[in-house]
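Asks: pasting the structure only:
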């Protein structure tokens with residue numbers, strides 16, 4: 001019985017550490033990053049970012065750290081722009097690609 005409890009403890013500890021990593025959410029950070037960048041890109045102080053859409057967390061083929069992608073739309077001054085922000089475990093978040101700037105049709 002003691003061996004079973006010890007085995008169960010190790011299994012749960014492994015699941016708990018994986019779960020903590022898996023549940024990490026950087027949506028607020030990606031939203032702030034996109035909004036701050038859009039103020040410059042759109043030349044608009046009133047730029048406002050929508051809540052990011054997060055893709056599922058993934059692992060690289062070479063078992064690199066887990067990462068998440070966030071797509072963030074920002075509107076302001078008659079323009080809109082979207083960004084993809086990638087957040088890797090253990091490193092800072094960064095923009096993944098070139099932004100797409102569009103004029104809003106009024």
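Replies: Ah, there it is. If you're wondering where the values come from, they're calculated on a predicted model, not measured in any experiment.
Asks: Residue 43 belongs to a helix, doesn't it?
Replies: No: counting by DSSP: H, G, I helix; E, B strand; the rest coil, residue 43 falls outside a helix, being coil.
Asks: Who are the contact partners of it?
Replies: Residue 43 makes contact with residue 77, according to CB atoms under 8 Å, 6 or more residues apart in numbering. Where you see a C-beta, it was placed from the backbone N, CA and C, and this is true even at glycine.
Asks: Distance of it relative to residue 33?
Replies: From residue 43 across to residue 33, the span is 18 Å (CB to CB, to the nearest Å).
Asks: Quick check: residue 73 touching residue 82?
Replies: Yes: taking CB atoms under 8 Å as the definition, residue 73 is a contact partner of residue 82 at 4.8 Å.
Asks: Where does pLDDT dip in the protein?
Replies: Within the chain, the stretches with pLDDT under 70 are 1-24, 56-65, 98-106.
Asks: And the helices in the chain?
Replies: For the chain, applying DSSP state H gives helices covering 2-22, 27-41.
Asks: so what does the last one touch, helix or strand wise?
Replies: Judged by 3 or more CB pairs under 8 Å, 6 or more residues apart in numbering; DSSP states H and E, helix 27-41 is in contact with strand 48-49, strand 67-76, strand 79-88.
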